[in-house]
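Student: model this:
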Amino acid sequence: MRNVLGILIACIGLSSCATAQNTTNANVKTDSIAEKMLVYQLSNGGWPKQLEDKSVVKYEHPLTEALLQKIKATSALHATIDNNATSREINALILAYKQTANKAYLTAAEKGIDYLLKAQYANGGWPQYYPDKSSYRAEITYNDNAMINALTIMLNIVYQTNGFEVVNASYLPKAEKALKNGINCVLKTQVLQNGKPVIWAAQYDENTLKPAKARAFEPASLSTGESVGIVRFLMKLKNPSMEVKTAIKNAVDWFESTKIVGYKYGSIANNDKGLVADAQAISWARFYDLNTNKPVFGDRDNSVKASVEEISKERRVGYAWYGTFAQNLLAKEYPKWLKSNGG
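Tutor: Residues are numbered from 1 along each chain as shown. Down below sits the predicted model:
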């Protein structure tokens, strides 16, 4: 999508890129953020979360000539669904098209959908990066809702919701297949403890579908935040199968049995962080042992500890080791879903 590069270089210093674009075609409405997304889109249809020089993609930044050169130098190996990349742009471009009828935005969004369809594994999972398979980038990734974001786009295409009715009808059967395969992957990767499904890990080996580690401080473990996102996605399914209903119920049962009442993660003495007493608080640890359901904590040296006090201070204060992850799910969302879906 480099066709607007020259226009954007020309418009540097003007009040908005839309101004320069409108001088080219006064009848075409534009959206300034969507215009930037066209420039950042990679040749394979995906978007990066960071550029070749590791600078983070931020659409609020002005497109200076120096930045445009960095974007141009960023290869398709940087295409990812991590940190909301690609799904964020597809959703925004669909909305921008709805508001402006600018076909360039719909074309870019559909090219992004093509990327997602191509990146999906035959087993239904999505890797964090595609086509880059280095390190843990090839693993099936629920972390930060990466795969769930991709699945939600497929769901929106199939259900014709959230503006996705504008997507070309030829995508419907492709999205239906991707959605079906993705749901099957979700169900297959729900972790079993003594034969009983519980919640999910954040990453999985793309071949064995077994939980896998990612960064040094992210061990193979049950992952609460990602599992809440998975349950919320499953609850969006119309006429859910008994298998889906059972998966949701088992996850909710696990969250109910592991909640920590009366404590929250917060600031303590010496600019440190730890569990703090709070009578109103309900919390869960970020990660749990795959077999014992005991909280686990990783550090940058790849070590895994049994308590947050045992890891380095840098990691204690720099990562969300506890949170209210499933509080609203248990209190409001699941009861509402249960009432509508008959248990």
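Student: C-alpha only now, for contacts and for neighbours.
Tutor: OK.
Student: quick check: mean pLDDT across stretch 229-246?
Tutor: Mean pLDDT, taken over the full extent of stretch 229-246, equals 97.
Student: let me fix that: stretch 94-108
Tutor: Rounded mean pLDDT across stretch 94-108 is 98.
Student: any idea how far that stretch is from the chain center?
Tutor: Centroid displacement of stretch 94-108 relative to its chain, using Cα atoms, centre = their mean, to the nearest Å, is 22 Å.
Student: just the terminal-to-terminal distance for that stretch.
Tutor: The first and final residues of stretch 94-108 sit 9 Å from each other (Cα to Cα, to the nearest Å).
Student: what are the buried residues along that stretch?
Tutor: Applying a neighbour-count criterion of 16 or more other Cα atoms under 10 Å, one finds Ile94, Leu95, Ala96, Tyr97, Lys98, Asn102, Ala104, Tyr105, Leu106, Thr107, Ala108 buried in stretch 94-108.
Student: same deal with stretch 269-278?
Tutor: Lys273, Gly274, Leu275.
Student: which phi and psi does the first one have?
Tutor: By that I understand Lys273. Comment: the main-chain dihedrals of Lys273 come out as phi -130, psi 150, following degrees, to the nearest 10.
Student: where does the closest residue to it other than its chain neighbours land on pLDDT?
Tutor: Take Lys273 and drop its neighbours on the chain: the residue closest to it by Cα to Cα, 6 or more residues apart in numbering is Ser267, 4.5 Å away. The model reports Ser267 with a pLDDT of 95.
Student: now Asn27
Tutor: Taken from the predicted model, the pLDDT recorded for Asn27 is 80.
Student: spit out the contact partners of it.
Tutor: Taking Cα atoms under 8 Å, 6 or more residues apart in numbering, we find Asn27 in contact with no residue.
Student: contact partners of stretch 327-338?
Tutor: Here stretch 327-338 makes contact (Cα under 8 Å, 6+ apart) with Val228, Arg232, Met235, Val252, Phe255, Glu256, Ile282, Ser283.
Student: in it, what's buried?
Tutor: Residues Gln327, Leu329, Leu330, Tyr334 are the ones in stretch 327-338 that count as buried (16+ other Cα under 10 Å).
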